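K.L.:
Turn this into a structure:
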Amino acid sequence: DYMKVVFGVLVLIAVASAVPDITWAQNITHLFLSFDSTCNGHFKASFEVDTVTLQCNGEEAARLVLRDDIIPETSSCFKKGRKTDCVLSKASEHDFDRLAFDKKAYQGAIRLDWDKFESTVGEDRDEENHEEFFDGSLVHVLDATTYQEAREKNNFLIIFPNFPYCDKCSSRRKALVDAAKTMQDQEGVLFGYINVLEERALRHQFGAVCHYDCKLIFVDVTNNMHVTMPFEYTGEDLVAKVERYTSPALASIDSADAIATASHPDTQFMLLVDEPETDLYRRMAAFARMHREDATVGLASGFIPDGVTTSPAVTLVDSQGKATAVLTGPAISSTNLTDWMLKHIVSPFTPFEYALTSKLEKANLPYGVLYLEEDAEVDAGYAKLASEFDGKLILLRNGQDSKGGLENLGLDLLALPVFVISSSSSYDADKFGLSQATATPAQVKTHIQAYLAGSLTPTRMTEAVNPDSRDVEGFPGLRKMVYSQLHSAIVASSTDQLLILFKHTVSTPWQKAAKTITQLVRCLQAVPALEVSAMDHSKNYHDPDLFSAIDKYEDKVRFVLWTTDDKGDRQQLLYTGKRARKNILAWLKKHSQVVAQHWDDVSAVVKTISDEVKAAKAQAEEEAKQKAEAVAKATEGLEKVAVSDDEGVVKHVITSGEGDMPAPGAMVTAHYTGRLLDGSVFDSSVKRDEPFQFTLGQGQVIKCWDQGFATMRKGEKAYLTCAPDYAYGERGSGSIPANSVLQFEVELLEFSNPRDEL
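P.N.:
Residues are numbered from 1 along each chain as shown. You can find the predicted model right below:
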């Protein structure tokens, strides 16, 4: 059976009789999960937009269902011993739902990795309370059940699907309230808000995202369909939009003047010349409902536009009632009307708009984006060029300051013009780019011709080159490699090259390997003819031909060597041994002639590092001894209280308090500084100047605290010494090693018993 636990941005469904022990943290861009794993065989993690599935020996071991969506391609899990660590990339960047303020949400199911939070968490902000905003208005707050009930009672629903952390469209909420009030007497129309963080199925059904391109969902219950609708700024404009969407799909047109009356701004007028209630009529009605933002569709009633000679016909009509494009006969049923309309109404050279790219994608019409400085004469030249490809590819003109999304294409975005062809705005879709060196009109033309002929090679995802630093940040001597330079700098090089592949500098495998890599690079600096580089293959294209033995989704640190063998042949080798400096160096000595030739120099560096490690260890032991003596001395002469019978929790009173002791269920506010017995501080609310709150006796904190604070009075200061069984036990926590005895210096600032709150 599956057990289900809801906490924060995560719902855990575990294939077990008990929920695994989970450590959780997040920042604006990633979720970090770590939990115990009993898999002793082949481990595999797979990802969907809202699910992480873990397999052991081909069988499902656990499934983590996420409240928030992730990007599967850039998420990963890695098993190390009994621990499994996951780094999940959020689909929407946000700092909501960190679990820091609602302890009950994860009580008994999850622990927070405060060390990870300290290193990743910025300034928190409260979530938007959309439900409270709509309270008392005619905008109904819906969940999955009440949404279905609303469908049963109404013909049309206007839905605002949003996340509690998303404030990008908050300024338009009043328009929704005003429109609902204005249209309250219109039967069969209901306005609603849905918290799509909690309603996963509706979130995916509506394609809800946190974006400044604010959209509502218009649900046509009668025709069992829904479309996105612009979220207007004012109630008046929104009412006009809703009235347009709820009007008949096909307007009756009996004259050219009727076209002007029925038309809407910024839409193309399309006229059907046919009888009512035919199959073509129904097809055009469905088309009209789906494309109300792009087209106004009418049914000819005693009116035939100029240029139409047969019936049935579908025609695009200008404001004068003249046909500008006509479909007749079999061509009507065999033509994609969206493609046909776009190819006839979109100028082959037109300004860039995100909304237009979406329409082009739906119409399977590729487009090229030209990043160009303002110049009317240059524009005229490109407009002439674009006309040569009318109906095959649309040329979109973008400004010089609008190069977002192209950072990973390896193009020179500091200079213009830049030209990129795409069939999708998706981040991982193939792009075909030209930079300043070749982006002349003639070369753009050649580029488009090659693309349409299918002979272009995609411009692959690659990190930008930092002109100010060649090294990986924090790793002197370790060259940062990007995909755009990989072949020229490493694959085609005649010298020995060692490439370290990794995924995310925040991932556990990279962090654990950091010390080994630092020492390895230092040792190999003694080999002038060998260069060591590192490439993040979550930010660079993973070439399946070049790295066929490496899974693009795996989160492991890999070592790949390019070298020349005894016969002079170039070879590529993958290291598969233990990730230890000694083992990796021995492997390099065996396979790289230049390493073998400089082995004495490498060994000398190894000895120097070993001596430094020994000296640092001796110094650390001496400092730890001094700290331990200070910790022990701190409690000398203080009143000792054995809180637990086995002295697993011992209290030494520094300053006595006053009044009663807190009762079970009391809300306790306290300050603390936590230390290991070597004196090192692992956490401190005093340092953060943020008192800590928890509910006593509810398992929200370690046993030592629940029992220790129950013996204290307001104002009391004390040392709490906690045995491992009363602290974090065998599992440890963050920087706290397993089986650690902890000492907390605590102060009970205040508390309120449950009856006091009543």
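K.L.:
Mind jotting down where the helices sit in the stretch 151-300 of the chain?
P.N.:
For the stretch 151-300 of the chain, the helices defined by DSSP state H, counting those that start in this stretch cover 173-182, 200-206, 235-246, 256-262, 279-290.
K.L.:
quick one: which of those is nearest Asp68?
P.N.:
Within the helices of the stretch 151-300 of the chain, the stretch nearest Asp68 is helix 200-206; the backing value is 9.4 Å (Cβ to Cβ). All C-beta spots, glycine's among them, are computed from the backbone N, C-alpha and C.
K.L.:
So which other helices or strands are in contact with that closest one?
P.N.:
With contacts taken as 3 or more Cβ pairs under 8 Å, 6 or more residues apart in numbering; DSSP states H and E, helix 200-206 sits against helix 144-153, strand 156-162.
K.L.:
closest one to Arg203 among those?
P.N.:
Nearest to Arg203, of all the helices and strands packed on helix 200-206, is strand 156-162, at 6.8 Å by Cβ to Cβ.
K.L.:
Could you pull up phi and psi at the closest residue to Thr695 other than its chain neighbours?
P.N.:
Nearest non-adjacent residue to Thr695, counting by Cβ to Cβ, 6 or more residues apart in numbering: Met667, 5.9 Å away. Here is the backbone geometry of Met667 (degrees, to the nearest 10): phi -90, psi 110.
K.L.:
Check Gln593 too.
P.N.:
According to degrees, to the nearest 10, Gln593 has phi -60, psi -40.
K.L.:
returning to what we had before: mind listing what the residue nearest to Thr695 touches?
P.N.:
Counting by Cβ atoms under 8 Å, 6 or more residues apart in numbering, Met667 touches 693-696, 751-752, 757.
K.L.:
Narrow those to those that are buried.
P.N.:
The neighbour count (16 or more other Cβ atoms under 10 Å) marks 693-696, 751 as buried among the contacts of Met667.
K.L.:
ok so, going back, taking the contacts of Met667, tell me the two that lie furthest apart.
P.N.:
Largest pairwise distance in those, by Cβ to Cβ, is 15.0 Å, between Phe694 and Glu757.
K.L.:
Relative to Gly674, how far out is the residue nearest to Thr695?
P.N.:
Distance of Met667 to Gly674, given as Cβ to Cβ, to the nearest Å: 21 Å.
K.L.:
Glu243 too?
P.N.:
Distance, Glu243 to Gly674, by Cβ to Cβ: 63 Å.
K.L.:
more neighbours, those two?
P.N.:
Gly674 (20 against 13; other Cβ atoms under 10 Å).
K.L.:
The closest residue to the more buried one other than its chain neighbours: how many residues sit nearby?
P.N.:
Nearest residue to Gly674, sequence neighbours excluded (Cβ to Cβ, 6+ apart): Asp683, at 4.6 Å. Around Asp683 there are 21 other residues, counting by other Cβ under 10 Å.
K.L.:
My understanding was that Val221 contacts Arg151; is that so?
P.N.:
Yes. The pair Val221 and Arg151 qualifies as a contact (Cβ atoms under 8 Å) at a distance of 5.2 Å.
K.L.:
shared neighbours of those two, anything?
P.N.:
Joint contacts of Val221 and Arg151 (Cβ under 8 Å, 6+ apart) are Leu157.
K.L.:
Just give me the neighbour total for Thr721.
P.N.:
24.
K.L.:
Quick check: beta-bridge partners of the closest residue to it other than its chain neighbours?
P.N.:
Distance criterion Cβ to Cβ, 6+ apart; nearest residue to Thr721, sequence neighbours excluded, is Val650 at 4.5 Å. Beta-bridge partners for Val650, by DSSP bridges, are Ala642, Thr721.
K.L.:
How many neighbouring residues does Val650 have?
P.N.:
By other Cβ under 10 Å, 21 other residues sit near Val650.
K.L.:
That one and Val643 touch, don't they?
P.N.:
Yes. When contacts are counted by Cβ under 8 Å, Val650 is listed as touching Val643 (6.6 Å).
K.L.:
any common contacting residues for these two?
P.N.:
Between them, Val650 and Val643 share the contacting residues Leu720, judged by Cβ under 8 Å, 6+ apart.
K.L.:
quick one: low-confidence ranges for this protein?
P.N.:
Scanning the chain for pLDDT under 70 picks out 1-21, 37-38, 95-129, 400-416, 425-428, 435-439, 755-758.
K.L.:
which residue is nearest the middle of it?
P.N.:
Lys90 (2.3 Å; Cα atoms, centre = their mean).
K.L.:
so what's it up against?
P.N.:
Here Lys90 is in contact with 26, 28-31, 68-71 (criterion: Cβ under 8 Å, 6+ apart).
K.L.:
Could you dump those into JSON lines and include neighbour count?
P.N.:
What follows is the contacts of Lys90, written out as JSON lines (neighbours: other Cβ atoms under 10 Å):
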{"residue": "Gln26", "neighbour count": "27"}
{"residue": "Ile28", "neighbour count": "13"}
{"residue": "Thr29", "neighbour count": "16"}
{"residue": "His30", "neighbour count": "21"}
{"residue": "Leu31", "neighbour count": "22"}
{"residue": "Asp68", "neighbour count": "22"}
{"residue": "Asp69", "neighbour count": "23"}
{"residue": "Ile70", "neighbour count": "23"}
{"residue": "Ile71", "neighbour count": "17"}
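K.L.:
Strands - which of these land there?
P.N.:
26, 30-31 (DSSP state E).
K.L.:
Closest to Ala604 out of the residues you listed?
P.N.:
Of all those, Ala604 sits closest to His30, with 40.8 Å by Cβ to Cβ.
K.L.:
where along the stretch 601-750 of the chain do the helices fall?
P.N.:
685-688, 703-709.
K.L.:
List the buried residues for the shortest one?
P.N.:
When burial is assessed from 16+ other Cβ under 10 Å, helix 685-688 yields the following buried residues: Ser685.
K.L.:
list the helices and strands that helix packs on?
P.N.:
strand 667-676.
K.L.:
How far away from the center of its chain is the strand it packs on?
P.N.:
Relative to the centre of its chain, strand 667-676 is centred 34 Å away, using Cα atoms, centre = their mean, to the nearest Å.
K.L.:
again with stretch 325-333
P.N.:
With Cα atoms, centre = their mean, you get 44 Å for stretch 325-333.
K.L.:
Could you do stretch 237-255 as well?
P.N.:
That offset, for stretch 237-255, works out to 39 Å (Cα atoms, centre = their mean).
K.L.:
And the contacts of that stretch?
P.N.:
The contact list for stretch 237-255 (Cβ under 8 Å, 6+ apart) reads 155-156, 158, 175-176, 178-179, 182-183, 189, 218, 220, 229-232, 258-259, 262, 264, 271-272, 281, 284-286, 288-289, 292, 296-303, 321.
K.L.:
Would you check how far apart Phe191 and Phe744 are?
P.N.:
Taking Cβ to Cβ as the measure, Phe191 and Phe744 are separated by 53 Å.
K.L.:
So for these two, which sits in the more crowded spot?
P.N.:
A direct count of neighbours by other Cβ under 10 Å for Phe191 and Phe744 places Phe191 higher, at 25 against 22.
K.L.:
Could you pull up the contacting residues of the more buried one?
P.N.:
Taking Cβ under 8 Å, 6+ apart as the test, what Phe191 contacts is 138-140, 157-160, 176, 179-180, 183.
K.L.:
count of residues packed around His504?
P.N.:
His504: 20 surrounding residues under other Cβ under 10 Å.
K.L.:
Spatially, which residue comes closest to the residue in the chain sticking out farthest from the centre, not counting chain neighbours?
P.N.:
No residue in the chain sits farther from the centre than Gly302, which is 55.2 Å out by Cα atoms, centre = their mean. Leaving aside its sequence neighbours, Gly302 sits nearest to Asp254 (Cβ to Cβ, 6+ apart; 5.0 Å).
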